[in-house]
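Enquirer: Predicted model and sequence follow; I will ask about them next.
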Amino acid sequence: VRVAFYIEEIMSDTTSLTGRLYGRRKGRKLRPRQVDRLDTLLPQITVPQDVTALDPVSLFTPAPSAIWLEIGFGGGEHLAEQAAAHPDVGVIGCEPFLNGIVNLLKQVEERNLANVRVHPGDARLLLDALPDACLSRVFLLFPDPWPKKRHIERRFASHDNLSAIARVLRPDGEFRVASDEAQLILWMEEQVNTHPAFRPAPGTGPTGRVLNRPTDWPQSRYEQKALIAGRDPVLFRFQLK
Ligand SMILES: C[S@@+](CC[C@H](N)C(=O)[O-])C[C@H]1O[C@@H](n2cnc3c(N)ncnc32)[C@H](O)[C@@H]1O
């Protein structure tokens with residue numbers, strides 16, 4: 001009951017402040033161990049929900065060398081790998097899908113990751129609460145494609161969301177994007193390249209496509225799925241102008 005209340009409260013805050021959130025929030029029924037992690041672990045590492053101005057450094061002890069944000073971490077595989085490989089970095093993940101959150105919590109517990117914080121809701125809400133130029137990396141990996149024309153406004157990489165990401169990124173920061181959906185790849189490529197704040201990161205192709213995959217870019221679950229299905233994911237790296 002406590003979990004249900006906690007999550008519902010977050011979800012209703014999310015919708016009231018930022019408009020509708022599209023996509024699934026719940027999937028398969030949770031097992032008792034998963035409910036237990038939501039009850040005990042999530043409150044310890046959750047980002048405070050009731051703030052309009054959040055100092056992200058204050059979320060971590062000791063103070064991190066940098067702060068990274070993953071938007072829509074899904075099952076949390078990429079986030080957990082990054083947190084394990086960079087214990088000095090504070091990694092914040094946003095994800096409204098409860099079954100994804102419990103999957104990340106399992107990895108946090110089993111791998112003893114002290115540098116992970118979770119915003120169990122809409123990333124737009126967190127972006128708005130963050131101060132300017134506070135993040136060294138933002139990840140938007142395999143966002144929902146919303147292929148139908150009438151749903152295009154649901155895609156995350158809208159002009160306004162890109163402006164919000166640009167505002168919170170540090171001048172030396174990096175914005176990493178990926179997808180395996182042909183239409184979405186082209187659309188996001190255009191969105192970011194025509195946005196006045198971004199430019200392709202050095203060493204990438206003319207529109208930011210990654211030519212040589214950085215060693216510190218682990219695969220996410222959706223990337224693994226795409227590769228198994230024989231699709232070719234496209235990765236992008238951008239910086240601020
Ligand atoms: C296709 S999945 C990809 C998950 C993961 N990034 C991966 O590559 O495996 C997209 C995820 O974005 C999440 N998402 C959708 N809208 C979001 C929002 N406004 N804020 C945060 N996450 C969101 C969905 O719940 C979903 O888990």
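Expert: Received it, and whenever you're ready, just let me know what you need. Numbers count the residues shown, from 1 in each chain.
Enquirer: Where do the strands of the chain begin and end?
Expert: Using DSSP state E, the strands of the chain run over 66-71, 89-94, 116-119, 135-141, 169-179, 198-200, 234-240.
Enquirer: Please convert the ones you listed to a markdown table, extending it with mean neighbour count.
Expert: From N, CA and C alone the C-beta is placed, and that goes for glycine too. Converted to a markdown table, the strands of the chain look like this (neighbours: other CB atoms under 10 Å):
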| stretch | mean neighbour count |
| --- | --- |
| strand 66-71 | 24 |
| strand 89-94 | 25 |
| strand 116-119 | 24 |
| strand 135-141 | 22 |
| strand 169-179 | 20 |
| strand 198-200 | 18 |
| strand 234-240 | 21 |
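Enquirer: Would you convert those strands into JSON lines that also reports mean pLDDT?
Expert: Below are these laid out as JSON lines (pLDDT from 0 to 100):
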{"stretch": "strand 66-71", "mean pLDDT": "98"}
{"stretch": "strand 89-94", "mean pLDDT": "98"}
{"stretch": "strand 116-119", "mean pLDDT": "97"}
{"stretch": "strand 135-141", "mean pLDDT": "98"}
{"stretch": "strand 169-179", "mean pLDDT": "98"}
{"stretch": "strand 198-200", "mean pLDDT": "98"}
{"stretch": "strand 234-240", "mean pLDDT": "98"}
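Enquirer: Reformat these as a markdown table; add distance to Phe156.
Expert: Output for those, formatted as a markdown table (distance: least, CB to CB, whole Å):
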| stretch | distance to Phe156 |
| --- | --- |
| strand 66-71 | 7 |
| strand 89-94 | 10 |
| strand 116-119 | 15 |
| strand 135-141 | 6 |
| strand 169-179 | 10 |
| strand 198-200 | 15 |
| strand 234-240 | 14 |
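Enquirer: Can you pull the residues of this structure lying near the ligand?
Expert: Within the chain, the positions near the ligand by CB under 6 Å from any ligand atom are 21, 23, 71-75, 94-97, 100, 122-124, 141-144, 156, 220-223.
Enquirer: Please check the residues you listed and keep the buried ones.
Expert: Burial by neighbour count, 16 or more other CB atoms under 10 Å: within these this picks out 21, 71-75, 94-97, 100, 122-124, 141-144, 156, 220-223.
Enquirer: Brilliant, that's me finished.
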